[in-house]
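*Asks:* Everything below, folded, please.
(chains A and B)
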2 protein chains.
Amino acid sequence: MQRRDAVKAMAAAVVIPPAFRWQDPAWTQWRVNGERVNRFMSEMAPIGRSPEGQVRTGFSDAVIDARRYATGLMRGAGLEVEIDPAGNIIGRRAGSSADAKPILFGSHVDSVFNGGNYDGATGTMCALEVAHSLNDQRYRNRHPLWVTIWCDEERGLTGSRGFIGHITTEDLAHPDADGRTLAENIRRIGGDPARVTAYRHEPGSIACYLELHIEQGGILDRTGIQIGVVEGIVGIMSWDVTITGFANHSGTTPMDERRNALLAASELALAVDRIVRARPGRQVGTVGRFTVKPSVQNIVPGEVSHSIELRDLSMEKLESLWEEIRAEGDRIMERRETTWIHEQRPTNISAISTPAIRDVIAESAGSLGLSTQVMPSGAGHDAQDLARIGPMGMIFVPSVGGISHSPKEFTRPEDITNGANVLLQTVLRLDQRLP
Amino acid sequence: MQRRDAVKAMAAAVVIPPAFRWQDPAWTQWRVNGERVNRFMSEMAPIGRSPEGQVRTGFSDAVIDARRYATGLMRGAGLEVEIDPAGNIIGRRAGSSADAKPILFGSHVDSVFNGGNYDGATGTMCALEVAHSLNDQRYRNRHPLWVTIWCDEERGLTGSRGFIGHITTEDLAHPDADGRTLAENIRRIGGDPARVTAYRHEPGSIACYLELHIEQGGILDRTGIQIGVVEGIVGIMSWDVTITGFANHSGTTPMDERRNALLAASELALAVDRIVRARPGRQVGTVGRFTVKPSVQNIVPGEVSHSIELRDLSMEKLESLWEEIRAEGDRIMERRETTWIHEQRPTNISAISTPAIRDVIAESAGSLGLSTQVMPSGAGHDAQDLARIGPMGMIFVPSVGGISHSPKEFTRPEDITNGANVLLQTVLRLDQRLP
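*Replies:* Below you'll find the predicted structure:
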């Protein structure tokens, strides 16, 4: 596929029959056990908790503890549990239709260093609650249902990349900060590194993938809307920029003889902000990393290195924003008698969620009396890998204050229950209506 | 005196008779020995030299070596050498007039860490060459002539402050980076810390002070003008600024919900530059130190701390520039929903050189066929302390490429000879014409 195109090829193939127009079947009234899913959350919370936040990173002992707890919940829901070669935990509920492809839903249990208990764990516990509810109701599903717990999400979507066959021999040999290779890490959590590179799920091999996640932003919390229907996961283009002027004594260098790298960088940072805001849409642009040399009171700054990062669902828009920023940067550097180099970092391709799946999520929320808003995900998720092999949809629940990757991360118990109900109803509807 | 007023009180008292209108006396044709003064420079160069530059800092062994060499040159010129309580070396040539006050001229021999051989040493070697030339000519001076080598110039004009009685008991107890107190350091180079606080030269006690120095900027080098007549030493006002916004995930925080400290700081840095340039004059304004937190690609910057530094001969202009910058900063912070605090650092008061002395310097240069330009000194010098007790004048010689505080610092031998000749002729003229 074209590297620059958003991932959306698999979405086109999906046709979902319309909503029930006869009297709704009994299962449309099924609800999750809100008390139970929030108990799952509070039982997960102490695992890897430190005074400075959750340290349930990568392949740590805390992650292994969290996986062990989740595995127990899978067995409690009657799922058949397996660890795949890439180290993902898959809990399967067999389907009645011989040729139906599986419906997958899940998330992850690892956290960033000093993170919270909600990013990843919320979606995972809601998926497990849905499995428990289906089991409580003795639901006879047509499609195989797979609850998936992807490994090592935060450091590069490792598990979901493995699931779609994107982990290479070089990846396996790559050491982490502690000097352990990915192969060693995968073996450590029960995967089989020898089989990883040959392991893959081909495009078209799944019925769909659903993921519930906390928003990690403040839109739902601020507007009071209960459910976010994710339009897609944004693409990311980014650059390392170095601006070079000339470092000179601040007292003896007249203003008109300065080649001030900080002023050029200041103009460029403001230009990125102005250019990104000037167009309609929800694209964002950020100068986040920013280092000045020599950074001394009485020396005119001679060099600034900084990042430029652009995110949007449309890769074409990102390309076009960058063209505008680059042209403006050239003008700034010429005017300020500075020079710049910009090295592009690896691009993350955006992943558009399947419109028909979005509609079913919105319909499910509506049937529960919950308000919804269609919105992009500004952060990355395993769902962007799954979108490469089949229809994909994501459900967002509110993050209080928009805070994430922080011990202050919090989602209210009622919002978790709401999200689990939307996930349950979406799974039921898709199971009934997907071919 | 008013803390905000430039130091210029002593200048008003000086009246110098007009230039010679009869046939010029023989001494107007006297010239220094250019080969000799440049030999002094090259003999000084190896002292404290490292592969990364001159390390003749503060009270180091290298400084003691440099002082020993300069003391030898003083004795060679027939001067009576003494180390004063503050650690300054003073070489005296007695005058014929019983009640004439001394004419002082000199500079320093210490350097910054990894500096060059020209900042300080040039003025000192030129002063010593003038003493040698006067001795060669068996000149009978009216005023006592004192060649002064001020100690520890680069870290705060220590010696000249001691000379005018501005070193306190607290200063003496203050340890340097190596843990040695100023008292220990002064004793180490032959001063007498027990007598420092009572030691002082009162306003009106000297006839004048002259200092030759490299420009440390690029104006003379670029314009090809041979001698700078220093109008004064600029005052410095500076602030530590902290701008606070809110650090947020770059992917999940919409553009219109950001409180971006870096964008506020960028606007402020550009405003400082714009406001300073908008007025006529040679004032400079610099944001030099600049630190962003957390400085991570995918986090909207939450805090920036930086310096603002303003320099000009007029303290009133500095005050007024700051008022304008502060008002603009308030507007920027309001618009960007950020806050700022600004803490003023200690102010360096500007020192205006004595107009009558400037005229004699320009006349001396003119008599030698050298081009001159009146210019401020953007850097600090011992002369600013001496201006508090008597008339002061400074002579600048060109710095190649305007480079200073660097091993690349360089002043051409012919420019050193020119400067020494201007200093010689200025000393002779002032000795004849000052009361």
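
*Asks:* What values do phi and psi take at A:Ser111?
*Replies:* For A:Ser111, the backbone dihedrals (degrees, to the nearest 10) come out as phi -130, psi 170.

*Asks:* and the most centrally placed residue in chain A, what pLDDT?
*Replies:* With distances taken as CA atoms, centre = their mean, chain A has A:His381 as the residue nearest its mean C-alpha position (2.0 Å). According to the predicted model, the pLDDT of A:His381 comes to 95.

*Asks:* do the same with the one 3 residues further on
*Replies:* Each residue has a pLDDT score; the one for A:Gln384 is 95.

*Asks:* Pretty sure the residue nearest to the centre of chain A sits in a helix.
*Replies:* No: looking at A:His381 with DSSP: H, G, I helix; E, B strand; the rest coil, it is coil, so not inside a helix.

*Asks:* and the gap between it and A:Ile332?
*Replies:* The span separating A:His381 from A:Ile332 equals 36 Å under the rule CB to CB, to the nearest Å. Heads up, the C-betas are built off the backbone N, CA and C, glycines and all.

*Asks:* got it, and A:Leu220?
*Replies:* If you measure A:Leu220 against A:Ile332 using CB to CB, the figure is 38 Å.

*Asks:* Which one's more surrounded, these two?
*Replies:* Higher neighbour count among A:Leu220 and A:Ile332: A:Leu220, with 25 against 20, using other CB atoms under 10 Å in any protein chain shown.

*Asks:* circling back: would you mind confirming that the residue nearest to the centre of chain A is in contact with A:Met394?
*Replies:* Yes: with contacts defined as CB atoms under 8 Å, A:His381 counts as touching A:Met394 at a distance of 6.7 Å.

*Asks:* Name the residues contacting each of the two.
*Replies:* Each of A:Glu211, A:His213, A:Ile233 lies in contact with both A:His381 and A:Met394 under the rule CB atoms under 8 Å, 6 or more residues apart in numbering or on different chains.

*Asks:* The residue nearest to the centre of chain A and chain B, how far apart?
*Replies:* For A:His381, the distance to chain B under the criterion CB to the nearest CB, to the nearest Å works out to 11 Å.

*Asks:* With A:Arg187 instead?
*Replies:* When CB to the nearest CB is applied, the distance between A:Arg187 and chain B equals 30 Å.

*Asks:* same question, A:Ile164
*Replies:* 22 Å.

*Asks:* contacting residues for that residue?
*Replies:* Going by CB under 8 Å, 6+ apart, A:Ile164 touches A:Arg200, A:His201, A:Asp385, A:Leu386, A:Arg388, A:Ile389.

*Asks:* Out of those residues, which sit inside helices?
*Replies:* Among the contacts of A:Ile164, the subset assigned to helices under DSSP state H consists of A:Asp385, A:Leu386.

*Asks:* Nearest to chain B among the contacts of A:Ile164?
*Replies:* The shortest gap between chain B and any of the contacts of A:Ile164 belongs to A:Asp385, at 16.8 Å (CB to the nearest CB).

*Asks:* If you drop the residues flanking it in sequence, what lies closest to that closest one?
*Replies:* With sequence-adjacent residues excluded and distances taken as CB to CB, 6 or more residues apart in numbering or on different chains, A:Asp385 is closest to A:Ser160, at 3.8 Å.

*Asks:* what about the one you found, how many residues close to it?
*Replies:* By other CB under 10 Å, 29 other residues sit near A:Ser160.

*Asks:* The one 10 residues further on now?
*Replies:* Burial of A:Glu170 is recorded as 9 neighbouring residues (other CB under 10 Å).

*Asks:* Could you do the one 5 residues further on as well?
*Replies:* Taking other CB under 10 Å as the neighbour definition, A:Pro175 ends up with a count of 11.

*Asks:* partner residues bridging it?
*Replies:* A:Pro175 has the following beta-bridge partners by DSSP bridges: A:Thr181.
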